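**Q** Got a predicted structure plus its sequence, pasted below:
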Amino acid sequence: MTKKRMRSAVLAISCWALASTAACGTPNAQERKTVQTKTEAGTLPDSGLRAKWPSAGVESGLAAGMRLPLQDYMLSYPDEVTIESAKDKVKTACMARLGFTFTPPAPGTTPSLSYDDMNMERRYGITDAKAAQRYGYQAPVEEPTDDTAAVESAEGRGEEWFDGLDNTCVPEANDRVGILYETDVAGDLAAESLEVTQKDPEVTAAIAKWSACMDKQDHPVDDPLNAQPVPAADGAEGKATVSEIAQANDDVACKQSSSLVTVWQEAEELYQQKQIVGHKSELEAEKARNDEMAAKARAILGEQ
């Protein structure tokens, strides 16, 4: 498993619309698109949409109630949305000042699947029997709402528009609010923690028990983080097949009988406590920057 982490917190916005050139680079012509939504730039989604956001803790399944120490230093999904909404407000006003219209996709209208980058519910693979029965290994996907609409091509906008966004308004938003994940000490340490503890003797023993249990159910797999089967021919796109649901059900049952989730979480908790001791100043500095960004963002969103 590589240390390179897949971000689980997915905002309803493209890398270009995030407009953090330090992280995203410069878009090509095909990437220069905007999306019209009912949620105006610089405002947070309504309470109905926010109710669909992930909760701070895992509420069901084998990982219910579990946390890991590094989560205390991670940026939450609601704060990510607040920060991006504030940056959109700054960019929209900046572009208007330059004589241009800027209508970015509204963050938070397509909820993330996890509250933070730890993604505890699926950190050790699928862990919720009810989700397995309904979705197999697939992630629950919200149906499109009225807040999303057709993509509007930005083709035809002059270079002055892009120059204004890239060279004036993006830097202004970054200066006033900040850049998300300019550093990600907590996320990098969490990736290391998962990789290292997978080789912990107690964890490898639990994985072996889980794998033996799966093998008895005719699922020859040895890695709980990569157990999803190849989609069967009878599966519709984005839908779990009958065979996938059966394997997902067995996966959760085998994790329960082997105590895999509990054993692995306990190993990571001990490891992360040591990581925090060794990287305390870096983690606290990063958390302070994140907290400052969120506070600036809330102040900007509160401006009339």
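**A** Yep, that arrived. What you are looking at is a predicted structure, and each value in this text was computed from that prediction instead of being measured.

**Q** can you map out the helices along the stretch 151-300 of the chain?
**A** Applying DSSP state H, counting those that start in this stretch to the stretch 151-300 of the chain gives helices spanning 159-164, 170-176, 185-197, 201-216, 242-258, 260-278, 280-301.

**Q** Would you mind pulling the contact partners of the longest one?
**A** Which is helix 280-301. 42-44, 70, 72-73, 75, 79, 82-83, 85-87, 89-90, 176-178, 180, 182-186, 189, 276 (CB atoms under 8 Å, 6 or more residues apart in numbering). In this view, the C-beta of every residue, glycine as well, is placed from N, C-alpha and C.

**Q** can we see that at 7 Å?
**A** 42, 44, 73, 75, 79, 82-83, 85-86, 89-90, 176-178, 183, 185-186, 276 (CB atoms under 7 Å, 6 or more residues apart in numbering).

**Q** Any buried residues in that helix, and which?
**A** Of the residues in helix 280-301, those buried by neighbour count under the rule 16 or more other CB atoms under 10 Å are 282-283, 286-287, 290, 293-294, 296-297, 300-301.

**Q** which ones are touching residue 185?
**A** So residue 185 contacts 279, 282-283, 286 (CB under 7 Å, 6+ apart).

**Q** Turn the residues you listed into JSON lines, columns for pLDDT and distance to residue 242.
**A** Putting these into JSON lines (pLDDT from 0 to 100; distance: CB to CB, whole Å) gives the following:
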{"residue": "279", "pLDDT": "98", "distance to residue 242": "46"}
{"residue": "282", "pLDDT": "98", "distance to residue 242": "48"}
{"residue": "283", "pLDDT": "98", "distance to residue 242": "45"}
{"residue": "286", "pLDDT": "97", "distance to residue 242": "45"}
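
**Q** ok, back up a step: with distance to residue 169 as extra columns, can I get the buried residues of helix 280-301 in JSON lines?
**A** Shown next, in JSON lines, are the buried residues of helix 280-301 (distance: CB to CB, whole Å):
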{"residue": "282", "distance to residue 169": "31"}
{"residue": "283", "distance to residue 169": "32"}
{"residue": "286", "distance to residue 169": "26"}
{"residue": "287", "distance to residue 169": "28"}
{"residue": "290", "distance to residue 169": "23"}
{"residue": "293", "distance to residue 169": "18"}
{"residue": "294", "distance to residue 169": "21"}
{"residue": "296", "distance to residue 169": "16"}
{"residue": "297", "distance to residue 169": "16"}
{"residue": "300", "distance to residue 169": "14"}
{"residue": "301", "distance to residue 169": "17"}
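
**Q** Pick out the lowest-pLDDT one from those residues.
**A** Looking at the buried residues of helix 280-301 by pLDDT, the weakest one is residue 301, with 92.

**Q** circling back: which of the helices of the stretch 151-300 of the chain sits closest to residue 140?
**A** In terms of CB to CB, the element of the helices of the stretch 151-300 of the chain nearest to residue 140 is helix 242-258, at 12.8 Å.

**Q** Check which helices and strands the closest one is in contact with.
**A** Contact here means 3 or more CB pairs under 7 Å, 6 or more residues apart in numbering; DSSP states H and E; on that basis helix 242-258 packs against helix 129-135, helix 201-216.

**Q** Distance to residue 223 and mean neighbour count added to the ones you listed, as JSON lines?
**A** Output for the helices and strands packed on helix 242-258, formatted as JSON lines (distance: least, CB to CB, whole Å; neighbours: other CB atoms under 10 Å):
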{"stretch": "helix 129-135", "distance to residue 223": "17", "mean neighbour count": "17"}
{"stretch": "helix 201-216", "distance to residue 223": "8", "mean neighbour count": "17"}
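
**Q** where among the ones you listed is the average confidence lowest?
**A** If you rank these by mean pLDDT, helix 129-135 sits at the bottom with a mean of 94.

**Q** For it, C-alpha coordinates in PDB please.
**A** The C-alpha atoms that make up helix 129-135 are tabulated as PDB, following Å, rounded to 0.1, in the frame of the first residue of the first chain:
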ATOM      1  CA  ALA A 129     -23.700  -4.700   7.500                       C
ATOM      2  CA  LYS A 130     -26.700  -2.500   6.500                       C
ATOM      3  CA  ALA A 131     -24.700  -0.600   4.000                       C
ATOM      4  CA  ALA A 132     -23.300  -3.900   2.600                       C
ATOM      5  CA  GLN A 133     -26.700  -5.300   2.200                       C
ATOM      6  CA  ARG A 134     -28.000  -2.300   0.300                       C
ATOM      7  CA  TYR A 135     -24.900  -1.100  -1.600                       C
END
